[in-house]
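Colleague: This is the structure alone, sequence omitted:
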Ligand SMILES: O=C(O)[C@H](O)COP(=O)(O)O
């Protein structure tokens, strides 16, 4: 039975400052690194065959730190987002590929684009626009922040990617780790668990806490 693990990156420097981040590429904080290490400890006995992350450093850091703890003898190797490694002469021998866990980075898993809110403090934004309006921007399905993505916009890029890549791997019996972001993962969990627009309003995904699913009979079930 194939396993899927979804993990939101550990706390980032802007999570720590309570600042809207979106597509701004900020790294993990010290706490975030510790969260990634703890996630790795939790997952160390689950041997992954493939890893997917966004192209944002906080998600890649989390994946590589967590994988450093893994009992697998194989080495995680980051694959360039446009996959041109083979053109650059980096062609894995059959033998080598047996010892490699590919880490695919792809923008489709990036955090929701927060538009004009990126860089703004969340508490100050709530003072300016009101708690309810900010909650709607942050958690609703189809109301975007100013010049940003709503969750539906995010899902329109994450779900096709999830189906064409991650579900495909699971169907082949591969164990998959996905390290991404609060809202890109909310869109994926909404799809997996068939949440309504009302239910997803209440869906929160904490930093650095692995969500484990089992794939069997074409269905993903959270453990
Ligand atoms: O992009 C961000 O600011 C965070 O990663 C997610 O923010 P949110 O929890 O306010 O959606």
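Modeller: In hand now; what should we look at? Small disclaimer: the values here were computed from a predicted structure and weren't measured.

Colleague: residues touching residue 41, list them.
Modeller: The contact partners of residue 41, by Cβ atoms under 8 Å, 6 or more residues apart in numbering, come to residue 69. Using the backbone N, CA and C atoms, a C-beta is placed for each residue, glycine as well.

Colleague: which SSE is it in?
Modeller: Element membership for residue 41 (DSSP states H and E) is helix 30-43.

Colleague: Tell me the gap between the helix or strand just after that helix and the middle of its chain.
Modeller: Heading C-terminal from helix 30-43, the first helix or strand you meet, by DSSP H and E, is strand 50-53. Chain-centre distance of strand 50-53: 9 Å, with Cα atoms, centre = their mean, to the nearest Å.

Colleague: list the helices and strands strand 50-53 packs on?
Modeller: Applying 3 or more Cβ pairs under 8 Å, 6 or more residues apart in numbering; DSSP states H and E, one finds that strand 50-53 contacts helix 57-68, strand 100-105, strand 176-180.

Colleague: just these: most buried one?
Modeller: Comparing those on average neighbours per residue, with mean count of other Cβ atoms under 10 Å, the densest one is strand 176-180 at a mean of 28.

Colleague: Adjacent strands (with direction) for it?
Modeller: Here strand 176-180 has these sheet partners by DSSP bridges: strand 2-8 (parallel), strand 50-53 (parallel).

Colleague: So which of these is nearest the ligand?
Modeller: strand 2-8 (7.9 Å; Cβ to the nearest ligand atom).

Colleague: what is the mean pLDDT for that closest one?
Modeller: Summarised as a single mean, pLDDT over strand 2-8 is 98.

Colleague: Name the SS class of the closest residue to the ligand within the chain, please.
Modeller: At 3.6 Å from the ligand, residue 21 is the closest residue in the chain, using Cβ to the nearest ligand atom. Under DSSP: H, G, I helix; E, B strand; the rest coil, the three-state class of residue 21 is coil.

Colleague: And for it, the neighbour number?
Modeller: When neighbours are counted by other Cβ atoms under 10 Å, residue 21 registers 23.

Colleague: Surely it and residue 8 touch.
Modeller: No: counting by Cβ atoms under 8 Å, residue 21 stays clear of residue 8, with 12.0 Å between them.

Colleague: Residues touching stretch 43-52, excluding its own?
Modeller: With Cβ under 8 Å, 6+ apart as the test, stretch 43-52 has contacts from 3, 5, 63, 66-67, 69-72, 74, 76, 101-106, 109, 165-166, 169, 174-180, 210.

Colleague: tell me which parts of the protein are close to the ligand?
Modeller: Contact residues, the chain versus the ligand (Cβ under 6 Å from any ligand atom): 20, 21, 22, 111, 114, 138, 181, 182, 183.
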